[in-house]
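one predicted model, sequence on top.
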Amino acid sequence: MPVGIFLTLYGIGVALVGMAKTINAKAAAVVAAGNAAWVVVSLAALVEGALELNPVGSIWTVMQAATVGGFAALQYLGIRKAR
């Protein structure tokens with residue numbers, strides 16, 4: 001439940017950053033860093049066995065980490081290009 005609450009609030013924050021008429025580079029950097037942190041923590045939890053996942057859950061964790069990592073990379077590139 002706490003992760004769901006966090007993700008809901010994080011999603012609202014990301015939406016607010018993305019809906020702004022002019023994207024704030026610092027806010028976008030916070031979003032990109034948050035996404036990168038999510039990838040690291042997800043993969044670390046998987047490697048450490050903290051999630052006690054079955055094989056399907058493990059594959060799903062890697063897939064979501066790759067997707068979020070892709071978003072973080074694109075956000076980083078967008079921030080660099082905007083400078």
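Perfect, thanks for sending it. Quick caveat, the model's predicted, so the values are computed rather than measured. Numbering: from 1, shown residues only.

against which helices or strands is whichever strand or helix holds Val3 packed?
Val3 is part of helix 2-19, with elements assigned from DSSP states H and E. In terms of contacts (3 or more Cβ pairs under 8 Å, 6 or more residues apart in numbering; DSSP states H and E), helix 2-19 is packed against helix 25-48. Quick note: C-beta positions are derived from backbone N, CA and C, even for glycine.

elements contacting the helix it packs on?
Checking 3+ Cβ pairs under 8 Å, 6+ apart, helix 25-48 ends up next to helix 2-19, helix 55-82.

how about JSON lines for the ones you listed, with distance to Gly49, mean neighbour count and mean pLDDT added?
Compiled in JSON lines, the helices and strands packed on helix 25-48 are given as follows (distance: least, Cβ to Cβ, whole Å; neighbours: other Cβ atoms under 10 Å; pLDDT from 0 to 100):
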{"stretch": "helix 2-19", "distance to Gly49": "17", "mean neighbour count": "11", "mean pLDDT": "93"}
{"stretch": "helix 55-82", "distance to Gly49": "10", "mean neighbour count": "13", "mean pLDDT": "95"}
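
just give me the residue right at the centre of the chain.
Asn35 (2.4 Å; Cα atoms, centre = their mean).

can you tell me the closest non-neighbouring residue to it?
Spatial nearest neighbour of Asn35, chain neighbours left out: Ala72 (3.8 Å); criterion: Cβ to Cβ, 6 or more residues apart in numbering.

and for Gln75?
Ala32 (3.8 Å).

surely the one you found meets Tyr76?
Yes. Contact criterion Cβ atoms under 8 Å: Ala32 and Tyr76 qualify, at 5.2 Å.

next, Ala20: phi, psi?
Backbone torsions for Ala20, taken as degrees, to the nearest 10, come to phi -60, psi 140.

okay, now it: neighbour count?
11 (other Cβ atoms under 10 Å).

please tell me how far it sits from Val14.
Distance, Ala20 to Val14, by Cβ to Cβ, to the nearest Å: 11 Å.

then Trp38?
For Trp38, the distance to Val14 - Cβ to Cβ - is 11 Å.
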